[in-house]
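K.L.:
generate a structure from the sequence data that follows.
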Amino acid sequence: MPNISLVFAAFIAVSMASLGFVVLRKNKMMVTNQLFFIFTVTVSSWCMFNFLENWYMDLDLSAMFLRLDLFTALIGVFFASVFLFNFPRTNKKFNPLIALFLLLILSVASLAFTDGLIENINIVNGQIGFDFGKWFILYAGVMLVSILSGVIFQVRQYKKANGTEKLQIRYVILGFSITSFIIIILNLFLQNLVSKGVFMLGNFSMIILVVCIFYAMVRYHLMDIWVVLRLGTIFTLSLTTIIFFFVSVNYLLVYFLEIGVPWDIIIPSFFITVGFTPLKKFIEFITDAMFFRRHYKFNNVVQKVEKEIHSAGLVLDKSLSVVNQIISDALKVNRSLIMILIPRGHFISRQTIGDDIGNLELKHNDPVINYLITFPGRILDREELERGGHVNGLADSDRDAIVVELKKISIALVVPIEFKDKLIGIYLLGEKLSEDPFNEKDLRLLQHVSWELSFAIDNARSYEELKHLDEAKSNFIQVVSHQMRTPVTISRCNLELALDKDLNPEEKEGVLKAAYEGVSSLGHQLDQLLTVLEIEEKEMVVKKEGVELNSLINDSVESNRLSIKNKKLKLESKLENSFSVKIDCDKAKIRRVLDIVLLNAINYTPSGGKITINTAQDGFNGKNSLVVSVADNGVGLNDADKVNLFKKFFRSPEAISMFPNGFGLGLFIARKIVLAHGGDIWFENRENQGMTFFFSIPFKTVVEDKK
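P.N.:
Below is the predicted model of the structure:
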């Protein structure tokens, strides 16, 4: 029995000390890890003292180990209590009461070396015995209060926790509660009333705590030492196998084959050296299959991702699809999707794996996007935010909004994809199928994959932009050569006619007027091209001054009055006359926007149609703005052409058929001017029923109209 007891005591002591060492090695700076290490070392010492007090039959030695047993027991309880008060998150503020409590614990624990705690120590029938002293009640009371307060604190933490953290706390409470109950009953109160075998069960009950902590580490990544545990398990199994093989072969050579020194050492050593690498791989395979099924090899996954991105070349969808599949398989998540930035500043889903959530779109003002922009490079972990911890720079309302949104789409992790400090995409992942949290290894993998994807996305986009530039160049040459040839030809022909001496004055005036209109049209087109060049070279200057918008609108209407009259259009103005607003803007450029939008309505509204101009004050995009709208009942726009409306040189087939002339630059120029003023421009379309264009200009001063 003593030999078996010694083996068990040593096993428990080594197991506890090993757990503590592994946890400390994982993060030496973490207070929680430090406390757990001190607790395990103290408990390991207590286990050995507890065993040795009944191992030696010498009264003096047994008495010394008994007193050390009682001393380390209370010290261990203190560190267990402090650990429980700092798990799962360390209390950042130092509580001075802990120092006072430690002094109390040391004072009470020191009573173990006096007769005030235990007296009349003796050995009867191979078992140590003693009587409780007058301070035993104080000792027992301090021990009970310490461990109960820690467990009660953990129960309260458990009620507030959620997700994996809740499961971690559950096993910590279970392990500490059961182990503490057994030890306090058998090793404290009933030590003199039970047999040595029953008494030793208290010592062996530490295995319950070891199992609970170990299970929580492996299953729920307690203190995130899963990777270390895996390596430790592989090392232990490898070492055990090598020792067993060496001893077995050595025994076979010496006792059966009668081969002695040095061959009894050389032969097994040779086979161990040759077979170490395949043995290690085999043990890794067995270990992962039995204990760590969710393990993946970091370097293998990274190499696979790099290879697939390289082979996909500039085909972005292929790169995103393959990488998404590789990561989804490695991390075993229930869903994953990659979203990329589109020109409107929104993010749309490009590749999705898992449950169908439709075409997801996150706008530029979405709380998730705002978080990623505010905290560049930081991975967003929903579970961390759910714990309720305050994040510097993030309002609690924003944190709650992010959690609600991610829960709605069943996303656990959001990884930013950045290129040159700009957010160009995001990688969203759902929960793991195993319900495990994402560990440091997973986060490092995702950061590396994000870096690879950023280059893939940027390269593909650069290629697409080059294609578009090439197409734009061809379109530009084609459009310009066609559009400019027409007014030049008209002007030349009319000027040639004007030189004819047989023309009477009235006819000559007509052809000169036609030539003038051709030159004016050419001048207008050249002006548009120069404006686009100014915009592209970022040389457009906005010279702001106080301008009354209603007056500017009336001027634009008057300058286009002849065109309105010629097409017999009905013009209705609903200008806000209750106040007159002076906005800070570039008068010439805003007038140009008005002309472009109004002329657009005139050109594409059939004869006899109606145009309505409206102004209103609105809080658009959080800014006090004046919104101008120009509505017509013309041909409208096909849904397929909506995305191209503000692009250079775009003209819909319907527009070309109604009004052949034009570069398709007007709305492009109008948008750039409005954006330069801090406003926005948009439209509402009713196919075959007309369109309404809106643009907003921010203002600060409202001057009441004098009545």
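K.L.:
going by C-alpha atoms from here, please, whenever you check contacts or count neighbours.
P.N.:
Noted.
K.L.:
any weak-confidence spans in the stretch 351-500 of the chain?
P.N.:
351, 354-359, 387-392, 465, 468-487, 500 (pLDDT under 70).
K.L.:
show me where it has its helices.
P.N.:
Listed in chain order, the helices of the stretch 351-500 of the chain (DSSP state H, counting those that start in this stretch) span 367-374, 382-386, 396-408, 440-498.
K.L.:
likewise for the stretch 51-200 of the chain?
P.N.:
Counting by DSSP H, counting those that start in this stretch, the helices of the stretch 51-200 of the chain are 59-85, 96-110, 136-160, 163-183, 196-204.
K.L.:
picking up where we left off before, in CSV: the helices of the stretch 351-500 of the chain, plus distance to Pro96 and mean neighbour count.
P.N.:
Shown next, in CSV, are the helices of the stretch 351-500 of the chain (distance: least, CA to CA, whole Å; neighbours: other CA atoms under 10 Å):
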stretch, distance to Pro96, mean neighbour count
helix 367-374, 37, 18
helix 382-386, 29, 17
helix 396-408, 30, 15
helix 440-498, 33, 16
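K.L.:
rewinding a little: using TSV, lay out the helices of the stretch 51-200 of the chain together with distance to Gly609 and mean pLDDT.
P.N.:
What follows is the helices of the stretch 51-200 of the chain, written out as TSV (distance: least, CA to CA, whole Å; pLDDT from 0 to 100):
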stretch	distance to Gly609	mean pLDDT
helix 59-85	78	89
helix 96-110	83	87
helix 136-160	66	89
helix 163-183	63	83
helix 196-204	95	63
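K.L.:
among those, which is the most enclosed?
P.N.:
helix 59-85 (a mean of 22; mean count of other CA atoms under 10 Å).
K.L.:
so that helix versus helix 163-183, what angle?
P.N.:
Inter-element angle recorded for helix 59-85 and helix 163-183: 150 degrees (by axes from the mean of the first three to the mean of the last three CA atoms, to 10 degrees).
K.L.:
check the offset of helix 59-85 from the chain's centre.
P.N.:
Offset of helix 59-85 from its chain centre (CA atoms, centre = their mean, to the nearest Å): 46 Å.
K.L.:
determine the three-state secondary structure at Val541.
P.N.:
With DSSP: H, G, I helix; E, B strand; the rest coil as the basis, Val541 sits in coil.
K.L.:
number of nearby residues for it?
P.N.:
12 (other CA atoms under 10 Å).
K.L.:
need phi/psi at it.
P.N.:
phi -110, psi 130 (degrees, to the nearest 10).
K.L.:
out of the helices of the stretch 51-200 of the chain, nearest to Val415?
P.N.:
Val415 lies closest, by CA to CA, to one member of the helices of the stretch 51-200 of the chain: helix 163-183, at 19.9 Å.
K.L.:
secondary structure element holding the closest residue to Gly313 other than its chain neighbours?
P.N.:
In space, and not counting its chain neighbours, Gly313 is closest to Ser319: 7.7 Å by CA to CA, 6 or more residues apart in numbering. Using DSSP states H and E, the element containing Ser319 is helix 316-331.
K.L.:
between the helices of the stretch 351-500 of the chain, which gets nearest to Leu423?
P.N.:
Ranked by CA to CA, the member of those that lies closest to Leu423 is helix 367-374, at 7.0 Å.
K.L.:
show me how far that closest one is from its chain's centre.
P.N.:
The gap between the average C-alpha position of helix 367-374 and the chain average comes to 9 Å, counting by CA atoms, centre = their mean.
K.L.:
compare the helices of the stretch 351-500 of the chain and give me the one nearest Trp263.
P.N.:
helix 440-498 (44.9 Å).
K.L.:
on that earlier part again, right, so of the helices of the stretch 51-200 of the chain, which gets closest to Phe650?
P.N.:
helix 163-183 (52.3 Å).
K.L.:
next, the angle from the closest one to helix 136-160.
P.N.:
Using the same axes, to 10 degrees, helix 163-183 lies at 160 degrees relative to helix 136-160.
K.L.:
helix 163-183 packs against which elements?
P.N.:
In terms of contacts (3 or more CA pairs under 8 Å, 6 or more residues apart in numbering; DSSP states H and E), helix 163-183 is packed against helix 136-160, helix 196-204, helix 206-220.
K.L.:
one more time with 10 Å, if that's ok
P.N.:
The contact analysis (3 or more CA pairs under 10 Å, 6 or more residues apart in numbering; DSSP states H and E) places helix 163-183 against helix 59-85, helix 136-160, helix 196-204, helix 206-220, helix 382-386.
K.L.:
need the contact list for the residue lying closest to Leu188 once chain neighbours are set aside.
P.N.:
Of all residues not flanking Leu188 in the chain, Ala140 sits nearest, at 7.9 Å (CA to CA, 6+ apart). The contact partners of Ala140, by CA atoms under 10 Å, 6 or more residues apart in numbering, come to 74, 108, 117, 146, 184, 188-189.
K.L.:
tell me the helices and strands packed up against the helix holding Ser319.
P.N.:
helix 298-312, strand 335-341, strand 347-354, strand 422-429, helix 440-498.
K.L.:
nearest to Phe113, of these?
P.N.:
Per CA to CA, nearest to Phe113 of the helices and strands packed on helix 316-331: helix 440-498, 46.4 Å.
K.L.:
my guess is Ile348 meets Tyr427, correct?
P.N.:
No. At 11.1 Å, Ile348 does not count as touching Tyr427 under the criterion of CA atoms under 10 Å.
K.L.:
so what does the helix or strand that contains Trp46 touch, helix or strand wise?
P.N.:
Secondary structure assignment for Trp46, by DSSP H and E: helix 31-55. In this structure, helix 31-55 packs against helix 2-26, helix 59-85, strand 127-132, helix 196-204, helix 206-220, with contacts taken as 3+ CA pairs under 10 Å, 6+ apart.
K.L.:
which one of the ones you listed lies nearest to His448?
P.N.:
When the helices and strands packed on helix 31-55 are compared by CA to CA, helix 2-26 sits nearest His448, at 21.8 Å.
K.L.:
spit out the contact partners of the closest residue to Glu306 other than its chain neighbours.
P.N.:
Spatial nearest neighbour of Glu306, excluding adjacent residues (CA to CA, 6+ apart): Glu452 at 7.2 Å. Counting by CA under 10 Å, 6+ apart, Glu452 touches 302, 305-306, 309-310, 323, 417, 446.
K.L.:
could you do Leu111 as well?
P.N.:
Leu111 makes contact with 67, 70-71, 117-118, 133, 135-136, 139, according to CA under 10 Å, 6+ apart.
K.L.:
residues contacting the nearest residue to Pro268 once chain neighbours are set aside?
P.N.:
Leaving aside its sequence neighbours, Pro268 sits nearest to Phe246 (CA to CA, 6+ apart; 5.6 Å). Counting by CA under 10 Å, 6+ apart, Phe246 touches 240, 252, 264-265, 267-269, 271-272.
K.L.:
in a helix, Phe246, correct?
P.N.:
Yes. Counting by three-state DSSP, Phe246 is found in a helix.
K.L.:
and the protein, what are its domains?
P.N.:
The chain resolves into domains spanning 2-223, 230-290, 298-459, 466-536, 545-703 when parsed by automatic domain parsing.
K.L.:
now the helices and strands packed on helix 316-331 in a markdown table, with distance to Pro376?
P.N.:
As requested, the helices and strands packed on helix 316-331 are arranged in a markdown table below (distance: least, CA to CA, whole Å):
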| stretch | distance to Pro376 |
| --- | --- |
| helix 298-312 | 23 |
| strand 335-341 | 16 |
| strand 347-354 | 16 |
| strand 422-429 | 8 |
| helix 440-498 | 12 |
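K.L.:
in stretch 302-313, what counts as buried?
P.N.:
Of all the residues in stretch 302-313, those buried under the rule 16 or more other CA atoms under 10 Å are 302, 305-306, 308-309.
K.L.:
great, nothing more from me.
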